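Participant: Whatever this is, show me its structure:
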Amino acid sequence: MASLAHVELYTDGACSGNPGPGGWAYVLKHPVSGLAREDSGAERLTTNNRMELTAVVEGLNAIKTRSRVDVYSDSKYVLNGLESWMDNWKRNGWKTSAKKPVKNQDLWLMLDELRSRHELTYHWVRGHSDHPENERCDVLAVAAREQLAEEKTD
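Facilitator: The predicted structure is shown next:
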């Protein structure tokens, strides 16, 4: 059996107002080859949590073959959801322990499908702590959000 490729996925989301215009970004790195890929995008009316989730969805979608993925995020909401909450939500019909519908269910459903494609390991990174890839994602997400805001005024 061939071993899986190893990829590092760094993600971040940014929002101006909550809700408000927001951006997401990811950096994918192949630790052995040193190759990297990055992407970002924005939405006009969103929340910070949606942008954090979208960054992970987009990053995992960019990986075309089953891989061993180290997911790095400064969002405990995203990481706790993936590691701890999602399986219970699924068992409870996508309801929280308080019997309320899970917020951002559309994105969590996408993440549930994507996590079945890959072997994921989760890592929390403190935001704005000079972590190079996290800082790069923040710059990209903010730039995407700002570009969207500029397009609105053109």
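
Participant: Please name the nearest non-neighbouring residue to the residue most central in space within the chain.
Facilitator: Centroid-nearest residue in the chain: V56, 2.2 Å away (criterion: C-alpha atoms, centre = their mean). Closest residue to V56 apart from its sequence neighbours, by C-beta to C-beta, 6 or more residues apart in numbering: T11 at 5.1 Å. Every C-beta, even on glycine, is put in place using the N, C-alpha and C of the backbone.

Participant: so what's that neighbour up against?
Facilitator: Taking C-beta atoms under 8 Å, 6 or more residues apart in numbering, we find T11 in contact with 24-26, 52, 55-56, 59, 71-73, 75, 78, 137.

Participant: Neighbours of the closest residue to W124 other than its chain neighbours, how many?
Facilitator: Nearest non-adjacent residue to W124, counting by C-beta to C-beta, 6+ apart: L79, 5.6 Å away. Residues contacting L79 under the criterion other C-beta atoms under 10 Å number 20.

Participant: ok, now which ones touch L79?
Facilitator: The contact partners of L79, taken as C-beta under 8 Å, 6+ apart, are 71, 73, 122-124.

Participant: how about 7 Å then?
Facilitator: Going by C-beta atoms under 7 Å, 6 or more residues apart in numbering, L79 touches 73, 122, 124.

Participant: Most neighbours among those, which one is it?
Facilitator: S73 (27 neighbours).

Participant: Report the beta-bridge partners for it.
Facilitator: W124 (DSSP bridges).

Participant: if we can go back for a sec, show me what the residue nearest to V56 bridges to in the sheet.
Facilitator: Y26.

Participant: distance of it from E151?
Facilitator: Distance of T11 to E151, given as C-beta to C-beta, to the nearest Å: 23 Å.

Participant: For this structure, just list every one of the helices.
Facilitator: When assigned using DSSP state H, the helices of the chain occupy the ranges 48-61, 76-80, 86-91, 105-117, 132-153.

Participant: what residues does the longest one touch?
Facilitator: Think helix 132-153. 10-14, 16, 21-27, 38, 40-42, 44, 51, 72, 74, 125, 127.

Participant: Drop anything exposed from those residues.
Facilitator: Those of the contacts of helix 132-153 that meet the buried threshold are 10-14, 21-27, 38, 40-42, 51, 72, 74, 125, by 16 or more other C-beta atoms under 10 Å.

Participant: Sketch out the low-pLDDT regions of this structure for me.
Facilitator: 1-2, 152-154 (pLDDT under 70).
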